[in-house]
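In: need coordinates for the following:
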Amino acid sequence: MIWSEIMENRRKPASLAATLDINCDCKEYVLDYLLHSFPTQLHENFTDGDGNLASRPAYDEDGNAVQCREACQRRDRLIEQLASMEPVQGALDQIVQRFGTDMVAEVTGRSRRIVRKVDSNGDRLAVENRPAQANLAEAQAFMEDRKQILVFSDAGGTGRSYHADLGARNQRLRHHYLLEAGWKADAAIQGLGRTNRTNQAQPPLFRPVATNVQAEKRFLSTIARRLDTLGAITRGQRQTGGQGLFRPEDNLESPYARDALRQLYVLIYAGKVERCSLAIFESMTGLSLTDSSGCLKDELPPITTFLNRLLALTIDMQNVLFTVFEQLLGAKVQSAIAAGSYDLGLETLTADSFTVTASEPIYVHPATGAETRLLTIAMQERNQPVPLEKAFELRREPGARLLVNARSRRAAVQLPARSLMLDDGEVERRVRLIRPMERLNFALTHLPETNWQEVDERTFATIWQDEVVQVDEFTTSELHIVTGLLLPIWKQLPEESTRVYRLQTDDGTRIVGRRVSAAWAASATARPDAPVLSPPQAIALLREGHAVLDLADGLQLRRSRLMQVNRIELTGFGPTAVDRLKAMGLFSEIVSWKLRLFVPDDIVTGSAVLERLFERHPLARINDRKAA
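Out: From the prediction side, this is the model:
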């Protein structure tokens, strides 16, 4: 609201400022650039010694450069037009003049400023001198709640505190707008830290400001990358640097961004980027993507060069390239997050309850006696199913449908989801299914292959409410943390994820360590004889997808993905064992003309099926999925 009012009123202050006999913009620099750099000299064609046609500046008989009259006229008209333009106020002047000095506390290094005055002579702008002690008085006025708006620059961002201090009169929520991120991450952290300090009534709400010019993300990307790097260096925790201001997609210089950029180059080379062919891209950016033979280069322009050249493109072309680039980057980041390989630094796990149920040493340092321990922790989380009223609210959104699965009798609300750009440049339209306790995303083209069918509101409400009633108040699961001395056995830990977590148990114990899969934990503490695993533990282990369970008689349990849904599948059975296995509770499906057996996904029913299965075919070994 503030910025829209400023932009609507910017013309009035500009016309008033034009009456002041001072320079309040950088117009003279632009005029000087046009006067000396505007291309006005004529060129002539000539043939070099190799017979190639080229061009060179033209000179008369006296050695003077030949000027193009039309170009000179265009230059002069442009200079006149620019010189007649009214000065554009900066953000600081607009804020001060819009809200007045009675509302705005300015803590900057300016000794003079243009302010609005309303007196008997009417509404006018005047130059105001500021004393050296103005910054101290302005900051005190804000903290004492005599002024509600504070604007400070680098000059006012050192040695002062503007947070909602418990000892200050002004304890209202601070909405901290970051107008100019700049290039210095340490300066940005210092500025943000002025409003977020200890002994405060409430933390501030940070709001980085950017326009809809896509290339401006170049600057936010740089500050995001440097904030993350600085946070990792100074605090040992990557997300503390950025304070959660930026998403993974905002860092345009990450490895995922570099992969997305290379894929963008491939799509441009293949002609799959609409409104931007290879010739247009190379002519507008000056970047060459092909070699002398017309093939795509092995060494393509880096991400920093691409982002810098993007600043010189038209707004429309920026939007075209950035839209494709962001789709590719978002798909790669989301894939990494879903696969568990995205490095988020030190993460804090939260739940209603953490209880250590087992603690076993897996390594003891021979010199110091320091231990590496494997902790088994019971995690209890409160279930919060989506109520029926919320489901009907979602029904009113565009493109929403009420669905029921004809096979499992489960209900879901279908909503449009964000499309993904595949590696070949094709855009995959996706849908999201909102269920009482989960959300499923998959391609729209796969929906007809499933058993989801649209139903009326009464049928949907009955099935949805039955599912909500059956949801337990809490969900209890197990997680395994390797803590203590980690460096000597770091290479022995699983490589699929290097995340480090921290949590606090119910008795106040703080734990920091690497989280490992249940399969790795079982193999690390395996006894010489057959491993022991209860059916509920086996269900949870298989749902994670990191382990494969080998049973007697050549049977194997693993997680499989079918129709965009994860299932627990039994493999290795013979044709004579199908009826016996189905009698134990497994169900069959014909997929690509092949019979496949699955364990029911429900924890109660699935545990009963696995219990009967383990009695006939005991568990022989727990394998890591990669090893299997």
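In: make it CA atoms for all contacts and neighbour counts henceforth
Out: Noted.
In: where do the helices of the stretch 301-450 of the chain begin and end?
Out: According to DSSP state H, counting those that start in this stretch, the stretch 301-450 of the chain carries its helices in the segments 303-310, 315-339, 388-395.
In: in the longest one, what counts as buried?
Out: For helix 315-339, a neighbour-count test (16 or more other C-alpha atoms under 10 Å) marks 317-322, 324-333 as buried.
In: for it, give the mean pLDDT please.
Out: Mean pLDDT, helix 315-339: 83.
In: distance of the residue lying closest to D456 once chain neighbours are set aside relative to D291?
Out: Once flanking residues are discounted, D456 sits nearest to L402: 7.2 Å by C-alpha to C-alpha, 6 or more residues apart in numbering. Separation of L402 from D291 (C-alpha to C-alpha, to the nearest Å) stands at 54 Å.
In: which one's more surrounded, those two?
Out: Per other C-alpha atoms under 10 Å, whichever of L402 and D291 has more neighbours is L402, with 24 against 11.
In: quickly list what the more buried one is bridged to.
Out: When bridges are called by DSSP bridges, L402 pairs up with V413.
In: relative to R612, how far out is it?
Out: 37 Å.
In: same check, this time on R395
Out: Taking C-alpha to C-alpha, one finds R395 at 42 Å from R612.
In: pull out the buried positions in stretch 440-460.
Out: So, applying 16+ other C-alpha under 10 Å, buried residues of stretch 440-460: N441, F442, A443, L444, W452, E454, F460.
In: equivalent analysis for stretch 45-63, please.
Out: Under 16+ other C-alpha under 10 Å, stretch 45-63 has no buried positions.
In: and for stretch 267-282?
Out: L267, I268, Y269, K272, V273, C276, L278, F281.
In: the fifth one falls within a strand, correct?
Out: Put plainly, it is V273. No - V273 is assigned coil when assessed by DSSP: H, G, I helix; E, B strand; the rest coil, not a strand.
In: that one contacts L267, doesn't it?
Out: Yes - if you go by C-alpha atoms under 8 Å, V273 and L267 touch, sitting 6.1 Å apart.
In: and the nearest residue to H175 once chain neighbours are set aside, how many neighbours does it have?
Out: Computed as C-alpha to C-alpha, 6+ apart, the closest residue to H175 that is not its neighbour in sequence is L205, at 4.9 Å. Residues contacting L205 under the criterion other C-alpha under 10 Å number 14.
In: check the gap between L205 and L178 for me.
Out: Distance, L205 to L178, using C-alpha to C-alpha: 11 Å.
In: go on, F322?
Out: 23 Å.
In: same check, this time on R407
Out: 53 Å.
In: so I95 is in which element?
Out: Secondary structure from DSSP states H and E places I95 in helix 91-99.
In: and that helix, what's buried?
Out: L92, D93, Q94, I95, V96, Q97, R98.
In: hang on, the earlier thing: kindly reformat the helices of the stretch 301-450 of the chain as JSON lines containing distance to L581.
Out: Below are the helices of the stretch 301-450 of the chain laid out as JSON lines (distance: least, C-alpha to C-alpha, whole Å):
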{"stretch": "helix 303-310", "distance to L581": "55"}
{"stretch": "helix 315-339", "distance to L581": "32"}
{"stretch": "helix 388-395", "distance to L581": "37"}
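In: G513 is nearest to which of those helices?
Out: When the helices of the stretch 301-450 of the chain are compared by C-alpha to C-alpha, helix 315-339 sits nearest G513, at 19.5 Å.
In: now do that closest one against helix 303-310, angle only.
Out: Put simply, helix 315-339 runs at 150 degrees to helix 303-310, going by axes from the mean of the first three to the mean of the last three C-alpha atoms, to 10 degrees.
In: for helix 315-339, packing partners?
Out: Applying 3 or more C-alpha pairs under 8 Å, 6 or more residues apart in numbering; DSSP states H and E, we find helix 315-339 packed against helix 255-269, strand 411-421.
In: one more pass at 6 Å, please.
Out: helix 255-269 (3 or more C-alpha pairs under 6 Å, 6 or more residues apart in numbering; DSSP states H and E).
In: does G484 touch G369 like I think?
Out: No - the pair G484 / G369 is not scored as a contact, 11.4 Å apart, by C-alpha atoms under 6 Å.
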